[in-house]
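# A predicted structure for the sequence below; I have some questions about it.
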Number of protein chains: 2
Amino acid sequence: MNPVIELLKSHRSIRKFTDRKISHELLLELIQAGQSAATSSHVQAYSVIHVTTPAKREKIAELAGGQDYIATCSDFLVFCADMKRPTEASERTGANVVRGMTEQLLVASVDTALMAQNVAIAAESEGLGICYIGGIRNNPQAVSDLLQLPEHVYPVFGMCLGYPAHEPDIKPRLPVEAILKEDHYSDDREQVEVFDDTMHSYYQQRSSGKKDANWSRNLTPLFDTKLRPHMRDFLVERGFEMK
Amino acid sequence: MNPVIELLKSHRSIRKFTDRKISHELLLELIQAGQSAATSSHVQAYSVIHVTTPAKREKIAELAGGQDYIATCSDFLVFCADMKRPTEASERTGANVVRGMTEQLLVASVDTALMAQNVAIAAESEGLGICYIGGIRNNPQAVSDLLQLPEHVYPVFGMCLGYPAHEPDIKPRLPVEAILKEDHYSDDREQVEVFDDTMHSYYQQRSSGKKDANWSRNLTPLFDTKLRPHMRDFLVERGFEMK
């Protein structure tokens, strides 16, 4: 295993950080490494808000459901899908511009994710720890207001960065045989059962036998109610109309 | 700059490959490196179809708009957002399951992109070249039929992998000052103008002064008509109803 693959495989989310701060030079380096990721038709449909005001970070921590590390990590970034910049640039050349297509939502969201994952890896290569914060989608309108996001920009997720103050276990993943399928989609129920056993042992070991959970059962809160039911109206309001 | 950041910054899309094949062991290693990426609530909402039948690869090359390298690269992967596995696993535990939420489309698409970007970096760390293929969304239903994708699974993008037979220039990116914004969204029109000049020089230099293009003007085909207008109905048909 080469050192880069080793680094990728050692990922875990970090939620406790030392007081050491990331230098601004390093932060710029991480963002530029992010920008080197592939981008659909060179559109670069993303912006990153570096949230520096403590009060804003505390507010976002609260809006994301009480995730304190948003306020306490060295740097907190909000990755936004940004169709404002490219559509307005196109318009200024005199082109007719159609907005609000479903495809544009996908392009911008995927572009943002590819870019962010490069930032995460660059950060980890420098000994930093990171944690993605999907919880900003709990209250995406309030987050957008706080960051003064204009139309055609939406916050996809946040990211905490800092020097790690703990070293959590690496969480197992589904067997590769479930994920990688040869030539066509195939059933993976058997591998899911194997994985449920893996996760059951993992939780048992970490809780001295107290946590009786597995992967399938842990998914309940994700699916048993309407997950973030405001997202559709929020995106439409932002100009991502999913036409 | 550390070697990992150097690797990230040296990314370019590779579309010409030598005849050398990627070993199956290495392919598995790349996918496992992919799986180590962060995943929303541990849901791992993705599957990867390794397309091995030559006729299928030729068909996909055609469906993606005549991208021959899909057929000629060592390995071609289709990255799919997969909500079938987790929702069915949850259902088997007796949980009530709600499908088709907009948020679920975002979670699965972002999960897939983070995972794929790790695969891309792992591949590049092994001296391979890669090219994302968004063009599979030109005819996503035909691609889905070909790969026998079930409901609640949709193909987000493809990826060509192989040993590079060319070394294209690294394409410039927007100034970091346009992307990284302090504390709130801010206008970046000035940086876009700088970047238009950068891209103009880049195209002039590569075409011996013949290509009179810049970033803003190149965006026209992305926005002047309804981009992939079938995507909405396709996703709804797949079970991603964007409720």
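Received, thanks. All of these numbers come straight from a predicted model, not from anything done at the bench.
# from here on, just use CA atoms for contacts and neighbour counts.
Will do.
# check what pLDDT the most far-flung residue of chain A relative to its centre gets.
In terms of distance from the mean C-alpha position of chain A, residue A:94 ranks first, at 34.9 Å (CA atoms, centre = their mean). Turning to residue A:94, the model gives it a pLDDT of 97.
# likewise residue A:1?
Reported pLDDT for residue A:1: 87.
# what's the helix or strand for the residue farthest from the centre of chain A?
Counting by DSSP states H and E, no helix or strand carries residue A:94.
# so the helix or strand bottoming out on mean pLDDT in chain A, near chain B or not?
Least confident helix or strand of chain A, by mean pLDDT, DSSP states H and E, is helix A:220-223 with a mean of 95. Yes. Using CA under 8 Å from any CA of the partner chain, helix A:220-223 reaches chain B at A:220, A:223.
# then stretch A:11-21?
Yes. Counting by CA under 8 Å from any CA, chain B is contacted by stretch A:11-21 at A:11-13.
# after the longest strand seen in chain A, which helix or strand is next? Please name it.
Assignment by DSSP state E gives strand A:153-162 as the longest strand of chain A. Remark: after strand A:153-162, the chain's next helix or strand is helix A:176-179, criterion DSSP H and E.
# what sits up against that following helix?
A:188, A:191-192, B:28, B:31-32, B:46-48 (CA atoms under 8 Å, 6 or more residues apart in numbering or on different chains).
# with just CA atoms, put that helix into CSV.
Only the C-alpha atoms of helix A:176-179 are listed here, as CSV (Å, rounded to 0.1, in the frame of the first residue of the first chain):
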residue,chain,number,x,y,z
VAL,A,176,-15.8,-4.2,-1.2
GLU,A,177,-17.8,-7.0,-2.9
ALA,A,178,-21.0,-5.2,-2.0
ILE,A,179,-19.9,-2.0,-3.6
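# how much distance is there from it to the middle of the chain?
22 Å (CA atoms, centre = their mean, to the nearest Å).
# how about it: buried residues?
If you call a residue buried by 16 or more other CA atoms under 10 Å in any protein chain shown, then helix A:176-179 has these buried ones: A:176, A:178-179.
# can you list the domains in chain A?
A:3-170+A:225-238, A:176-212 (automatic domain parsing).
# list the buried ones in the particular helix or strand that has residue A:216 in it?
Assigned by DSSP H and E, residue A:216 belongs to helix A:215-218. Within helix A:215-218, the residues that count as buried by 16+ other CA under 10 Å are A:215-218.
# tell me the pLDDT at residue A:74?
For residue A:74, pLDDT reads 98.
# quick one: average pLDDT of the longest helix along chain A?
In chain A, assigned by DSSP state H, the helix with the most residues is helix A:102-125. For helix A:102-125, mean pLDDT is 98.
# any part of the helix or strand following that helix near chain B?
Sequence-wise, the next helix or strand downstream of helix A:102-125 (DSSP H and E) is strand A:129-133. Yes. Judged by CA under 8 Å from any CA, strand A:129-133 and chain B are in contact via residue A:132.
# contacting residues around strand A:129-133?
A:13-15, A:17, A:64, A:120, A:123-124, A:157-164, B:38.
# same deal with stretch A:184-198?
For stretch A:184-198, contacts defined as CA under 8 Å, 6+ apart pick out A:172-175, A:177-178, A:214-216, B:49-51, B:85, B:89, B:146-150.
# any of the residues you listed buried? List them.
Here, 16+ other CA under 10 Å leaves A:173-175, A:178, A:214-216, B:49-51, B:85, B:89, B:146-147, B:149-150 buried among those.
# now residue A:133: how far from residue A:150?
21 Å (CA to CA, to the nearest Å).
# residue A:109 now?
16 Å.
# repeat that for residue A:161.
As defined by CA to CA, residue A:161 lies at a distance of 25 Å from residue A:150.
# repeat for residue A:140
Residue A:140 sits 13 Å away from residue A:150, taking CA to CA as the criterion.
# go on, residue A:104?
Between residue A:104 and residue A:150 the distance is 16 Å, computed by CA to CA.
# out of the domains of chain A, deepest packed?
When the domains of chain A are scored by mean count of other CA atoms under 10 Å in any protein chain shown, the highest mean neighbour count falls to domain A:3-170+A:225-238 (a mean of 20).
# below-threshold pLDDT in chain A: ranges please.
Nowhere does chain A drop to pLDDT under 70.
# sorry, back to before: out of the buried residues of helix A:215-218, who's nearest chain B?
residue A:216 (5.1 Å; CA to the nearest CA).
# quick one on the thing from earlier: among the domains of chain A, which is nearest residue B:5?
domain A:3-170+A:225-238 (5.6 Å; CA to CA).
# quick one: end-to-end length of the closest one, please.
42 Å.
# kindly report the same for stretch A:6-20.
End-to-end distance of stretch A:6-20: 25 Å, with CA to CA as the criterion.
# got a list of contacts for that stretch?
By CA under 8 Å, 6+ apart, stretch A:6-20 touches A:69, A:72-74, A:121, A:124-125, A:129-132, A:160, A:162-171, B:32-34, B:36-38, B:118, B:122.
# let's see it at 7 Å
A:69, A:73, A:129-131, A:162-166, A:168, A:170, B:33, B:36-37 (CA atoms under 7 Å, 6 or more residues apart in numbering or on different chains).
# secondary structure element for the spatially closest residue to residue A:171 that is not a sequence neighbour?
What sits nearest to residue A:171 in space, not counting adjacent residues and going by CA to CA, 6 or more residues apart in numbering or on different chains, is residue A:12, at 7.1 Å. Counting by DSSP H and E, no helix or strand carries residue A:12.
# phi first, then psi, for residue A:12.
Note on residue A:12: its backbone torsions stand at phi -150, psi 150 [degrees, to the nearest 10].
# now residue A:137: how far from chain B?
Separation of residue A:137 from chain B (CA to the nearest CA, to the nearest Å): 9 Å.
# quick one: that residue is in a helix?
Yes. Checked against DSSP: H, G, I helix; E, B strand; the rest coil, residue A:137 lies within a helix.
# for stretch A:235-243, the distance to its chain's centre please.
Centroid displacement of stretch A:235-243 relative to its chain, using CA atoms, centre = their mean, is 20 Å.
# stretch A:98-111 too?
17 Å.
# what about that stretch, near chain B?
Yes. Interface with chain B: stretch A:98-111 contributes A:98, A:101-103, A:109-110 (CA under 7 Å from any CA of the partner chain).
# out of these, which one sits closest to residue A:5?
If you rank the residues of stretch A:98-111 next to chain B by distance to residue A:5 using CA to CA, residue A:110 comes first, at 22.3 Å.
# one step back: residue B:231 is nearest to which of the domains of chain A?
Closest to residue B:231 of the domains of chain A, according to CA to CA: domain A:3-170+A:225-238, at 6.1 Å.
# pull the distance from the closest one to the chain's centre.
6 Å.
# how much space between residue A:212 and residue A:138?
Taking CA to CA as the measure, residue A:212 falls 28 Å from residue A:138.
# what about residue A:48, which SS state?
Classification of residue A:48 using three-state DSSP returns strand.
# same question for residue A:145.
Of the three states, residue A:145 takes helix under three-state DSSP.
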